[in-house]
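Engineer: only the shape, not the letters, is given here:
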Ligand SMILES: [Zn+2]
């Protein structure tokens with residue numbers, strides 16, 4: 001599977017999606033993963049790449065951080081890996097929210113930017 005990265009979108013342990021510029025607005029959150037666009041057998045899909053370890057939101061993650069799992073579609077119970085974090089227990093995104101996000105991303109992709 002080949003992944004393409006456009007404008008990076010990060011998923012915080014609070015369940016919010018933010019851009020690089022918005023990271024500074026969430027100093028008490030951690031980055032759980034990021035959205036990627038993947039080409040799987042000529043079909044484009046949006047993928048949530050969950051980091052091996054959640055990262056503090058005051059640091060922009062490296063371009064290719066270690067990824068624990070790539071999720072397509074429904075994503076539930078993605079834990080923040082920071083043990084003292086109040087969002088350590090669980091977090092989830094419903095299918096509709098994920099699809100909505102994917103669609104926005106797709107639209108962006110089609111514009112060819
Ligand atoms: Zn956290």
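Structural biologist: Here it is on my side, so go on. Every value quoted in this text rests on a predicted model; they were computed, and no experiment measured them.
Engineer: contact residues of the protein facing the ion?
Structural biologist: By C-beta under 5 Å from the ion, the part of the chain that sits against the ion consists of 13, 30, 80, 82, 85, 87. The way it works is simple: take the backbone N, C-alpha and C, and place the C-beta from them, glycine included.
Engineer: nearest to residue 61, out of those residues: which one, please.
Structural biologist: Taking C-beta to C-beta as the measure, residue 61 lies nearest residue 30 of those, at 10.7 Å.
Engineer: and the gap between the closest one and residue 13?
Structural biologist: 5 Å (C-beta to C-beta, to the nearest Å).
Engineer: common neighbours of these two, please.
Structural biologist: 54, 80, 82, 85, 87 (C-beta atoms under 8 Å, 6 or more residues apart in numbering).
Engineer: which ones among those lie within strands?
Structural biologist: Counted as lying in strands by DSSP state E, out of the shared contacts of residue 30 and residue 13, are residue 54.
Engineer: circling back: residue 30 and residue 13: which has the busier surroundings?
Structural biologist: Using other C-beta atoms under 10 Å, the more surrounded residue of residue 30 and residue 13 is residue 13, with 25 against 22.
Engineer: what's the local residue count around residue 65?
Structural biologist: Other residues lying near residue 65 total 15 when counted by other C-beta under 10 Å.
Engineer: for it, which non-adjacent residue is closest in space?
Structural biologist: Of all residues not flanking residue 65 in the chain, residue 51 sits nearest, at 5.3 Å (C-beta to C-beta, 6 or more residues apart in numbering).
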